[in-house]
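K.L.:
give me a model of this one.
(chains A and B)
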Amino acid sequence: GAGVSQSPSNKVTEKGKDVELRCDPISGHTALYWYRQRLGQGLEFLIYFQGNSAPDKSGLPSDRFSAERTGESVSTLTIQRTQQEDSAVYLCASSSQGYQPQHFGDGTRLSIL
Amino acid sequence: TQLLEQSPQFLSIQEGENLTVYCNSSSVFSSLQWYRQEPGEGPVLLVTVVTGGEVKKLKRLTFQFGDARKDSSLHITAAQPGDTGLYLCAGETGGSYIPTFGRGTSLIVHP
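P.N.:
Residues are numbered from 1 along each chain as shown, chains lettered A, B, ... in the order given. Below you'll find the model as predicted:
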């Protein structure tokens, strides 16, 4: 597609359930980022993928969070045993390489009941 | 401690007014970006500045990067309702590929 695509756009789930969020980056973009945006807050970095290099996971808030990316394509962010504080918008961005401007998807709004 | 401080946090003005929002830090940035985010959407890049003292114009928007590359400003002339949104600044320090984002300035322009 022409832009970064994220799915689902909205997700409501019960506390304790696992959720999986998907990101389709722009074709050819080697860099992919996941961010979390809580209401009224800026973007909180979670994880960064660059090509086939080991991802930078320094922003993941706990071991309940994990992410995978196959080559330079789709990425999934998984949150296990969700907690209410995980409620936020999860944004994915891609760029042609590190340092380049990032193109964002519209995010997944996650609500934990 | 927020690496990038944005001010003001909220701004509500009438159509036709001018405004300036600020992005400040004690750190030196190799580059700095400004984004606008509308409700329910992801941030959209407006501009990237990389040279100290650089000024870039995008129609009614003027972006300035401080001489020391520690701060930036965004000035909007004759604001319009379509300018309404959350304005975010972000920057990279040193050799990091991971930008730091400010908390944003929420702008509402009333018709």
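K.L.:
and whatever helix or strand A:Cys92 lives in, what does it pack against?
P.N.:
Using DSSP states H and E, A:Cys92 sits within strand A:88-95. Contact here means 3 or more Cβ pairs under 8 Å, 6 or more residues apart in numbering or on different chains; DSSP states H and E; on that basis strand A:88-95 packs against strand A:5-7, strand A:19-24, strand A:31-37, strand A:75-79, strand A:103-104, strand A:108-112. Using the backbone N, CA and C atoms, a C-beta is placed for each residue, glycine as well.
K.L.:
enumerate the residues of chain B near chain A.
P.N.:
Neighbours of chain A within chain B, by Cβ under 8 Å from any Cβ of the partner chain: B:2, B:4, B:6, B:30-31, B:33, B:35, B:40-45, B:48, B:88, B:90, B:92, B:97-104.
K.L.:
for chain A, what's its nearest residue on chain B.
P.N.:
B:Gly42 (3.1 Å; Cβ to the nearest Cβ).
K.L.:
what residues are up against the closest residue to A:Cys23 other than its chain neighbours?
P.N.:
Of all residues not flanking A:Cys23 in the chain, A:Cys92 sits nearest, at 3.5 Å (Cβ to Cβ, 6 or more residues apart in numbering or on different chains). With contact taken as Cβ atoms under 8 Å, 6 or more residues apart in numbering or on different chains, A:Cys92 is in contact with A:4, A:6, A:21, A:23, A:25, A:32-35, A:75, A:77, A:104-105, A:107.
K.L.:
got JSON lines for the residues you listed, with pLDDT and neighbour count too?
P.N.:
Listed next are the contacts of A:Cys92 as JSON lines, based on pLDDT from 0 to 100; neighbours: other Cβ atoms under 10 Å in any protein chain shown:
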{"residue": "A:Val4", "pLDDT": "96", "neighbour count": "23"}
{"residue": "A:Gln6", "pLDDT": "97", "neighbour count": "24"}
{"residue": "A:Leu21", "pLDDT": "98", "neighbour count": "21"}
{"residue": "A:Cys23", "pLDDT": "97", "neighbour count": "27"}
{"residue": "A:Pro25", "pLDDT": "95", "neighbour count": "27"}
{"residue": "A:Leu32", "pLDDT": "94", "neighbour count": "27"}
{"residue": "A:Tyr33", "pLDDT": "95", "neighbour count": "27"}
{"residue": "A:Trp34", "pLDDT": "97", "neighbour count": "26"}
{"residue": "A:Tyr35", "pLDDT": "96", "neighbour count": "25"}
{"residue": "A:Ser75", "pLDDT": "97", "neighbour count": "23"}
{"residue": "A:Leu77", "pLDDT": "98", "neighbour count": "24"}
{"residue": "A:Phe104", "pLDDT": "95", "neighbour count": "22"}
{"residue": "A:Gly105", "pLDDT": "96", "neighbour count": "23"}
{"residue": "A:Gly107", "pLDDT": "96", "neighbour count": "25"}
